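S.K.: My questions concern the predicted model and sequence given below.
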Amino acid sequence: MTNRWIWGPLIGSWITASVCIHLFYIKRIRFYDEPVLASIPIIDGAALHTALRGNLFPKTRGEFTLGSNWRALDSLADYLLRHSDRQLTVTGYHTPAESRQTLVPNLGAVRADRIWQYLRAAGVSPMQVQTKGVATEALVFVNDTTNALAFAFAEKPATTARTLAEGQRYIDLFHPMELYFPTGSTAFIRTPDTDQFMADAARYWVGEGLKIHPNDVLLLTGHTDSVGSTRTNQRLSLGRARAVQTALQQAGLPTRVFQLDGRGESKPIAPNATPEGREANRRVTIVVQKKPHRTGGDAANRPAAR
């Protein structure tokens with residue numbers, strides 16, 4: 001009888017401990033639900049219904065975690081390719097605290113741009129996608145990650161050089177930005193975002209900037225549509241790049257930081273067969289390229305502005 005009183009509780013305790021280990025350690029059962037970030041819907045009426053799932057961006061970072069979301073983004077790209085009359089606006093979000101912890105002035109715009117780059121690689125026209133970045137205190141984080149995106153669709157407005165220019169968003173000096181031109185013109189359309197690029201570029205090289213960034217260059221690449229001869233378009237594309245250089249020099253940039261290139265009609269970003277495509281191809285791409293520090297005779301090989 002004494003042994004039964006001893007072994008009974010011991011066996012019961014052993015069984016209880018085994019069950020607890022199995023449930024709460026091996027099966028990872030919890031008494032509470034771990035927080036999960038909400039899916040980001042991508043919906044356009046009844047024609048498109050998909051979503052991005054998971055932890056899309058690390059905190060204070062712009063790198064997009066693709067994972068299995070390539071299916072949703074491929075569906076989005078295919079939808080836009082089949083519906084050229086639809087325009088997508090991708091909004092990226094960030095918190096003011098994230099802005100204070102990173103050198104990127106608009107982290108939300110960087111996050112939205114990651115989606116645009118994926119769609120562009122899939123063949124989506126730049127006339128169909130706009131991006132913007134918005135600061136908000138309402139952003140939710142789980143395990144130092146966030147979803148930070150929103151998608152909205154609308155009927156695509158008539159495409160002109162003006163609408164294309166106004167759709168460009170300045171992120172920072174190291175993200176390419178397109179400047180657009182009326183047909184046959186070397187006068188680019190200025191917007192608040194292009195003016196911000198110019199002001200930041202001037203600050204980048206002002207004063208001690210040339211010593212801090214002695215080898216970095218501001219690359220200006222001119223493009224045209226396919227109207228006219230190849231030779232004429234080559235000259236026009238370089239003339240557009242020079243016109244942008246003149247405007248930037250007037251904003252305070254020294255001549256030595258420029259590197260100019262004219263590609264003529266050889267690098268279209270939209271079909272030249274349509275008026276809208278030709279509007280998109282009349283452009284100059286501007287971006288700062290960081291170059292490694294050079295010493296000695298290497299400085300003589302630095303590309304010169306033309």
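M.R.: Yep, that arrived.

S.K.: pLDDT below threshold where in the stretch 151-300 of the chain?
M.R.: For the stretch 151-300 of the chain, applying pLDDT under 70 flags the ranges 293-300.

S.K.: show me where it has helices.
M.R.: 161-167, 192-205, 209-212, 230-250, 275-281 (DSSP state H, counting those that start in this stretch).

S.K.: Extract the CA atoms of the third one and return them as PDB.
M.R.: This file holds the C-alpha atoms of helix 209-212, laid out as PDB (Å, rounded to 0.1, in the frame of the first residue of the first chain):
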ATOM      1  CA  GLY A 209      31.900  68.500 -50.500                       C
ATOM      2  CA  LEU A 210      34.500  68.300 -53.300                       C
ATOM      3  CA  LYS A 211      37.100  67.100 -50.900                       C
ATOM      4  CA  ILE A 212      34.700  64.700 -49.200                       C
END
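
S.K.: Specify the stretch among the helices of the stretch 151-300 of the chain that is closest to residue 58.
M.R.: Smallest distance to residue 58 across these (C-beta to C-beta): 25.1 Å, for helix 192-205. Backbone N, C-alpha and C define where each C-beta goes, glycine included.

S.K.: contacts for that closest one?
M.R.: Taking contacts as C-beta atoms under 8 Å, 6 or more residues apart in numbering, the residues outside helix 192-205 that touch it are 165, 168-170, 172-173, 177, 179, 188, 209, 213, 216, 218, 247-248, 251-254, 257, 286, 288.

S.K.: Would you map the strands across the stretch 51-200 of the chain?
M.R.: 57-58, 86-94, 129-135, 145-146, 149-155, 177-180 (DSSP state E, counting those that start in this stretch).

S.K.: would you turn those strands into a markdown table with distance to residue 262?
M.R.: Shown next, in a markdown table, are these (distance: least, C-beta to C-beta, whole Å):
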| stretch | distance to residue 262 |
| --- | --- |
| strand 57-58 | 37 |
| strand 86-94 | 30 |
| strand 129-135 | 26 |
| strand 145-146 | 42 |
| strand 149-155 | 35 |
| strand 177-180 | 14 |
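
S.K.: Output the ones you listed as a markdown table; include the columns mean neighbour count and distance to residue 292.
M.R.: Formatted as a markdown table, the strands of the stretch 51-200 of the chain follow (neighbours: other C-beta atoms under 10 Å; distance: least, C-beta to C-beta, whole Å):
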| stretch | mean neighbour count | distance to residue 292 |
| --- | --- | --- |
| strand 57-58 | 20 | 27 |
| strand 86-94 | 22 | 30 |
| strand 129-135 | 19 | 30 |
| strand 145-146 | 20 | 33 |
| strand 149-155 | 15 | 34 |
| strand 177-180 | 23 | 24 |
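
S.K.: on that earlier part again, just the buried residues out of the contacts of helix 192-205, in PyMOL syntax.
M.R.: Entered in PyMOL, the line below selects the buried ones among those, by 16 or more other C-beta atoms under 10 Å:
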select buried, resi 165+168+169+170+172+173+177+179+188+209+213+216+218+247+248+253+257+286+288
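
S.K.: Find the residue at the geometric middle of this protein.
M.R.: residue 113 (1.7 Å; C-alpha atoms, centre = their mean).

S.K.: ok, what's across the strand from the closest residue to it other than its chain neighbours?
M.R.: Spatial nearest neighbour of residue 113, excluding adjacent residues (C-beta to C-beta, 6 or more residues apart in numbering): residue 131 at 5.6 Å. Per DSSP bridges, the residues bridged to residue 131 are residue 90.

S.K.: again with the one 4 residues further on
M.R.: Residue 135 has these beta-bridge partners by DSSP bridges: residue 94.

S.K.: Surely it and residue 99 touch.
M.R.: Yes: Residue 135 lies in contact with residue 99 (C-beta atoms under 8 Å); the separation is 6.6 Å.

S.K.: still on that earlier bit, export the helices of the stretch 151-300 of the chain as JSON lines, with columns for distance to residue 44.
M.R.: Shown next, in JSON lines, are the helices of the stretch 151-300 of the chain (distance: least, C-beta to C-beta, whole Å):
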{"stretch": "helix 161-167", "distance to residue 44": "19"}
{"stretch": "helix 192-205", "distance to residue 44": "26"}
{"stretch": "helix 209-212", "distance to residue 44": "45"}
{"stretch": "helix 230-250", "distance to residue 44": "36"}
{"stretch": "helix 275-281", "distance to residue 44": "20"}
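
S.K.: Ok, which of those comes nearest residue 105?
M.R.: Judged by C-beta to C-beta, the one of these that comes nearest to residue 105 is helix 192-205, at 8.2 Å.

S.K.: Give the buried residues for the closest one.
M.R.: By neighbour count on 16+ other C-beta under 10 Å, the buried set for helix 192-205 is 193-194, 196-198, 201-202, 204-205.

S.K.: got it, and stretch 110-119?
M.R.: 110-116, 118-119.
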